[in-house]
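# Just to be clear, the model below is a prediction. Sequence and coordinates:
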Amino acid sequence: MWRTSIETYRGKEYKARSGPGADPKDYPKKHVDNIKDLYMQNLMYAYLAEKLQKAVSARHTDVYFIVALIHSFALTMIVFAFEYFGLFKLAPTSFGHSYDVSFWSFLLFSFNAMLRAGYASVTPQSTLALAFANLELLASAVIGLCLVFILLTSSRERYRQEVRDVAKNLATSAREIERFLENKLRMRLIDAEAKIIAVDPSFADVLTSFGRVPTIIDIPANPQSSDSSQVSERREGEPLCNKEEKQD
């Protein structure tokens, strides 16, 4: 993934610098836009890798599977309840009942059909009604087998390993883009942030939405100083702090 990102950046840089219709006056802005696109991919890769690692370590995948099965169970029950109710409206003799029934009666029957319980107030009488009931029973068996397969087999661990591999690849892509910025462009991530924010201040909000603290650009008190700005660096263990340099 990171190779494609870098090659795309190089292609855009070539077009902006010496491609057909390139304008030297527009190059600085296009250069910053290209750096922004590359930085955004680094940001996205790192963000997704972190989220996937957290999901795997917290075993959220098991919860997702179980919730999906519960959703499938409820959806199957409701769909068949509507089918039973529609069949009853078209052919009232398809179901036997002891008193007036409504949709809720068929919803209860659908629930009992999936669990093979006998507490419903209606019973299937016609061939089509029996076919629907048996089809629903088959669907409940498939859902039950999926639940057993998820809880009792090693497929979950294989799935977790696949998610770990994806997260590892994303993290590697983020690091390779950061290495490209440092080695080829002589630019750290915080330098890229500062350069982008200087042109597009709204980019700070994007960084905040991804959980990163925007880089602060400190303007020196002496406007005649050779350095027009000083970029604060984030130190390990601190979210953000200013780096002060002593002048002799």
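Right, received. Where do you want to start?

# if I pick the spatially most central residue of the chain, what's in contact with it?
Central residue of the chain (Cα atoms, centre = their mean): Leu48, 7.0 Å from the mean position. By Cβ atoms under 8 Å, 6 or more residues apart in numbering, Leu48 lies in contact with Ala167, Leu170. Every residue, glycine included, has its C-beta placed from N, CA and C.

# And the helices in this protein?
Counting by DSSP state H, the chain has helices at residues 2-18, 27-57, 60-90, 103-115, 127-152, 155-183, 189-199, 203-209.

# With Gly96 as the reference, name the closest of those helices.
helix 127-152 (9.5 Å; Cβ to Cβ).

# now the angle between helix 60-90 and that closest one, please.
Per axes from the mean of the first three to the mean of the last three Cα atoms, to 10 degrees, the angle that helix 127-152 makes with helix 60-90 is 170 degrees.

# Please report the distance of the residue lying closest to Ser140 once chain neighbours are set aside from Arg160.
Counting by Cβ to Cβ, 6 or more residues apart in numbering, Met114 is the residue found nearest to Ser140 once chain neighbours are left out, at 3.9 Å. Distance of Met114 to Arg160, given as Cβ to Cβ, to the nearest Å: 30 Å.

# Looking at those two, which one has more neighbours?
More crowded of Met114 and Arg160, by other Cβ atoms under 10 Å: Met114, with 20 against 16.

# show me the contacts for that one.
Phe73, Thr76, Met77, Glu136, Leu137, Ala139, Ser140.

# would TSV of the helices of the chain with distance to Ser121 and mean pLDDT be doable?
As requested, the helices of the chain are exported to TSV (distance: least, Cβ to Cβ, whole Å; pLDDT from 0 to 100):
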stretch	distance to Ser121	mean pLDDT
helix 2-18	62	84
helix 27-57	44	85
helix 60-90	12	87
helix 103-115	6	88
helix 127-152	15	86
helix 155-183	40	82
helix 189-199	67	86
helix 203-209	54	86
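
# Now the two most distant members of the contacts of Met114.
Phe73 and Leu137 (12.8 Å).

# Looking at the two, which has the bigger crowd around it?
Phe73 (18 against 14).

# ok, and the closest non-adjacent residue to the more buried one?
In space, Phe73 is closest to Ile143, 5.5 Å off (Cβ to Cβ, 6+ apart).

# how many neighbours does the nearest residue to Ile150 once chain neighbours are set aside have?
Nearest-residue entry for Ile150: Phe65, 4.9 Å, with adjacent residues in sequence omitted and distances by Cβ to Cβ, 6+ apart. Neighbours of Phe65 under the rule other Cβ under 10 Å: 18.

# Could you double-check that Phe65 lies in contact with Val148?
No: the pair Phe65 / Val148 is not scored as a contact, 11.9 Å apart, by Cβ atoms under 8 Å.
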